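>>> this one's sequence-less:
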(Lines give C-alpha, C1' and ligand atoms only; values in the text may rest on other atoms or scores of the structure.)
Protein backbone atom coordinates (compact mmCIF):
# COMPACT_ATOMS: atom_id res chain seq x y z
CA UNK A 1 0.00 0.00 0.00
CA UNK A 2 2.84 2.42 0.81
CA UNK A 3 4.37 2.01 -2.65
CA UNK A 4 1.01 2.78 -4.28
CA UNK A 5 0.60 5.93 -2.19
CA UNK A 6 4.15 7.05 -3.00
CA UNK A 7 3.51 6.56 -6.73
CA UNK A 8 0.26 8.47 -6.45
CA UNK A 9 1.94 11.42 -4.71
CA UNK A 10 4.77 11.28 -7.24
CA UNK A 11 2.25 11.40 -10.09
CA UNK A 12 0.41 14.35 -8.51
CA UNK A 13 3.66 16.26 -7.92
CA UNK A 14 4.77 15.66 -11.52
CA UNK A 15 1.38 16.84 -12.76
CA UNK A 16 1.55 19.99 -10.61
CA UNK A 17 5.10 20.72 -11.77
CA UNK A 18 4.04 20.56 -15.42
CA UNK A 19 0.85 22.49 -14.77
CA UNK A 20 2.67 25.31 -12.99
CA UNK A 21 5.32 25.49 -15.70
CA UNK A 22 2.72 25.68 -18.46
CA UNK A 23 0.36 28.12 -16.74
CA UNK A 24 2.63 30.52 -14.84
CA UNK A 25 1.74 34.16 -15.49
CA UNK A 26 3.24 36.58 -13.02
CA UNK A 27 0.25 38.93 -13.30
CA UNK A 28 -2.07 36.26 -11.91
CA UNK A 29 -2.61 36.07 -8.14
CA UNK A 30 -2.66 32.27 -8.38
CA UNK A 31 0.83 32.23 -9.89
CA UNK A 32 1.96 34.72 -7.26
CA UNK A 33 0.60 32.43 -4.56
CA UNK A 34 2.53 29.47 -6.03
CA UNK A 35 5.72 31.57 -6.19
CA UNK A 36 5.21 32.68 -2.58
CA UNK A 37 4.80 29.07 -1.41
CA UNK A 38 8.05 28.08 -3.12
CA UNK A 39 9.75 31.15 -1.66
CA UNK A 40 8.58 30.37 1.89
CA UNK A 41 9.64 26.73 1.46
CA UNK A 42 13.06 27.93 0.27
CA UNK A 43 12.60 25.87 -2.90
CA UNK A 44 13.21 26.67 -6.55
CA UNK A 45 9.91 26.92 -8.43
CA UNK A 46 9.44 24.72 -11.52
CA UNK A 47 8.89 27.81 -13.67
CA UNK A 48 10.82 30.93 -14.61
CA UNK A 49 9.71 33.85 -12.48
CA UNK A 50 9.14 37.30 -13.93
CA UNK A 51 12.10 39.62 -14.17
CA UNK A 52 12.23 42.90 -12.28
CA UNK A 53 12.10 44.69 -15.63
CA UNK A 54 8.88 42.90 -16.58
CA UNK A 55 7.23 43.81 -13.30
CA UNK A 56 8.49 47.40 -13.38
CA UNK A 57 7.07 47.80 -16.90
CA UNK A 58 3.53 47.23 -15.62
CA UNK A 59 1.20 50.11 -16.46
CA UNK A 60 0.71 52.07 -13.19
CA UNK A 61 -3.01 52.49 -13.94
CA UNK A 62 -3.44 48.70 -13.66
CA UNK A 63 -2.31 48.82 -10.04
CA UNK A 64 -5.82 49.75 -8.93
CA UNK A 65 -7.05 46.28 -9.97
CA UNK A 66 -7.19 43.87 -7.04
CA UNK A 67 -5.71 40.90 -8.96
CA UNK A 68 -2.70 42.96 -10.08
CA UNK A 69 -2.25 44.44 -6.60
CA UNK A 70 -2.25 40.88 -5.24
CA UNK A 71 0.23 39.59 -7.83
CA UNK A 72 2.66 42.42 -7.07
CA UNK A 73 1.99 41.93 -3.34
CA UNK A 74 3.29 38.37 -3.61
CA UNK A 75 6.41 39.62 -5.40
CA UNK A 76 7.00 42.17 -2.63
CA UNK A 77 6.57 39.44 -0.01
CA UNK A 78 9.16 37.36 -1.86
CA UNK A 79 11.74 40.07 -1.27
CA UNK A 80 11.57 41.87 -4.60
CA UNK A 81 12.85 45.43 -4.45
CA UNK A 82 11.23 48.08 -6.62
CA UNK A 83 11.82 51.76 -7.18
CA UNK A 84 10.15 54.48 -5.14
CA UNK A 85 7.76 55.47 -7.93
CA UNK A 86 6.59 51.89 -8.47
CA UNK A 87 6.04 51.39 -4.72
CA UNK A 88 4.14 54.69 -4.55
CA UNK A 89 1.97 53.60 -7.48
CA UNK A 90 1.24 50.30 -5.70
CA UNK A 91 0.32 52.15 -2.50
CA UNK A 92 -1.91 54.53 -4.51
CA UNK A 93 -3.62 51.51 -6.04
CA UNK A 94 -4.31 50.24 -2.54
CA UNK A 95 -5.78 53.61 -1.58
CA UNK A 96 -8.07 53.44 -4.59
CA UNK A 97 -9.08 49.88 -3.66
CA UNK A 98 -9.88 51.11 -0.15
CA UNK A 99 -12.38 53.57 -1.61
CA UNK A 100 -14.47 50.73 -3.04
CA UNK A 101 -17.01 48.53 -1.26
CA UNK A 102 -15.19 45.56 0.23
CA UNK A 103 -18.39 43.54 0.79
CA UNK A 104 -20.73 44.03 -2.18
CA UNK A 105 -23.89 41.94 -2.25
CA UNK A 106 -22.71 40.06 -5.35
CA UNK A 107 -19.47 39.15 -3.53
CA UNK A 108 -17.43 40.44 -6.50
CA UNK A 109 -14.60 41.71 -4.32
CA UNK A 110 -11.03 40.77 -3.47
CA UNK A 111 -12.20 39.88 0.03
CA UNK A 112 -14.13 36.87 -1.28
CA UNK A 113 -11.13 35.64 -3.32
CA UNK A 114 -8.69 34.31 -0.68
CA UNK A 115 -5.65 34.22 -2.97
CA UNK A 116 -6.15 37.92 -3.80
CA UNK A 117 -6.79 38.82 -0.18
CA UNK A 118 -3.57 37.12 0.89
CA UNK A 119 -1.52 38.73 -1.89
CA UNK A 120 -2.81 42.20 -1.07
CA UNK A 121 -2.24 41.67 2.65
CA UNK A 122 1.31 40.42 2.08
CA UNK A 123 1.97 43.42 -0.16
CA UNK A 124 0.68 45.77 2.53
CA UNK A 125 3.03 44.20 5.04
CA UNK A 126 5.96 44.51 2.60
CA UNK A 127 5.48 47.93 1.00
CA UNK A 128 7.00 50.86 2.92
CA UNK A 129 4.86 53.39 1.00
CA UNK A 130 1.50 52.18 2.33
CA UNK A 131 -0.33 54.85 4.31
CA UNK A 132 -1.27 54.12 7.94
CA UNK A 133 -4.93 54.79 7.16
CA UNK A 134 -4.86 52.12 4.44
CA UNK A 135 -3.35 49.67 6.90
CA UNK A 136 -6.18 50.42 9.31
CA UNK A 137 -8.71 50.05 6.50
CA UNK A 138 -7.40 46.58 5.72
CA UNK A 139 -7.47 45.62 9.39
CA UNK A 140 -11.09 46.78 9.56
CA UNK A 141 -11.95 44.79 6.42
CA UNK A 142 -10.39 41.68 7.96
CA UNK A 143 -12.22 42.18 11.26
CA UNK A 144 -15.59 42.79 9.59
CA UNK A 145 -14.98 39.94 7.19
CA UNK A 146 -14.34 37.59 10.07
CA UNK A 147 -17.80 38.40 11.39
CA UNK A 148 -19.39 37.97 7.97
CA UNK A 149 -17.74 34.58 7.47
CA UNK A 150 -18.24 33.26 10.99
CA UNK A 151 -19.84 30.12 9.55
CA UNK A 152 -17.35 29.81 6.72
CA UNK A 153 -14.93 27.05 5.84
CA UNK A 154 -11.88 26.13 7.91
CA UNK A 155 -9.57 27.38 5.10
CA UNK A 156 -11.14 30.84 5.35
CA UNK A 157 -10.79 30.87 9.12
CA UNK A 158 -7.10 29.85 9.04
CA UNK A 159 -6.32 32.36 6.30
CA UNK A 160 -8.03 35.08 8.35
CA UNK A 161 -5.87 34.30 11.37
CA UNK A 162 -2.72 34.44 9.24
CA UNK A 163 -3.72 37.75 7.63
CA UNK A 164 -4.60 39.37 10.94
CA UNK A 165 -1.27 38.34 12.44
CA UNK A 166 0.62 39.83 9.47
CA UNK A 167 -1.36 43.06 9.43
CA UNK A 168 -1.48 43.62 13.18
CA UNK A 169 2.30 43.77 13.07
CA UNK A 170 2.16 46.19 10.13
CA UNK A 171 -0.27 48.49 11.87
CA UNK A 172 1.97 48.65 14.93
CA UNK A 173 4.94 49.48 12.70
CA UNK A 174 2.93 52.16 10.87
CA UNK A 175 1.92 53.74 14.17
CA UNK A 176 5.56 53.79 15.28
CA UNK A 177 6.51 55.40 11.97
CA UNK A 178 3.79 58.05 12.33
CA UNK A 179 4.94 58.87 15.87
CA UNK A 180 8.55 59.08 14.68
CA UNK A 181 7.55 61.50 11.88
CA UNK A 182 5.68 63.69 14.37
CA UNK A 183 8.74 63.76 16.61
CA UNK A 184 10.88 64.90 13.67
CA UNK A 185 8.95 68.19 13.45
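Received, thanks. All of these numbers come straight from a predicted model, not from anything done at the bench.
>>> quick one: low-confidence parts of the chain?
1, 150-152, 155-157, 159-185 (pLDDT under 70).
>>> spatially central residue in it, please.
residue 119 (0.9 Å; CA atoms, centre = their mean).
>>> what separation do you get for that residue and residue 91?
Distance, residue 119 to residue 91, by CB to CB, to the nearest Å: 15 Å. (Each C-beta comes from the backbone N, C-alpha and C, glycine too.)
>>> residues in contact with the residue lying closest to residue 48 once chain neighbours are set aside?
The shortest distance from residue 48 to any non-neighbouring residue, by CB to CB, 6 or more residues apart in numbering, is to residue 24 (7.5 Å). Residue 24 makes contact with 31, 34, 45, 47-49, according to CB atoms under 8 Å, 6 or more residues apart in numbering.
>>> nearest to residue 62, of these?
residue 31 (15.7 Å; CB to CB).
>>> where does the closest one sit, in terms of helix or strand?
Residue 31 is part of helix 29-40, with elements assigned from DSSP states H and E.
>>> list the buried residues for that helix?
29-36, 38-39 (16 or more other CB atoms under 10 Å).
>>> look at residue 145 and give its secondary structure.
Following DSSP: H, G, I helix; E, B strand; the rest coil, the label given to residue 145 is helix.
>>> which one is it nearest to, not counting chain neighbours?
Setting aside the residues directly before and after it, residue 145 is nearest to residue 111 in space (CB to CB, 6+ apart), at 5.4 Å.
>>> wouldn't the one you found be in contact with residue 100 here?
No. Between residue 111 and residue 100 there is no contact under CB atoms under 8 Å: 10.5 Å.
>>> who's more crowded, these two?
It is residue 111, of residue 111 and residue 100, that has more neighbours when counted by other CB atoms under 10 Å, with 21 against 11.
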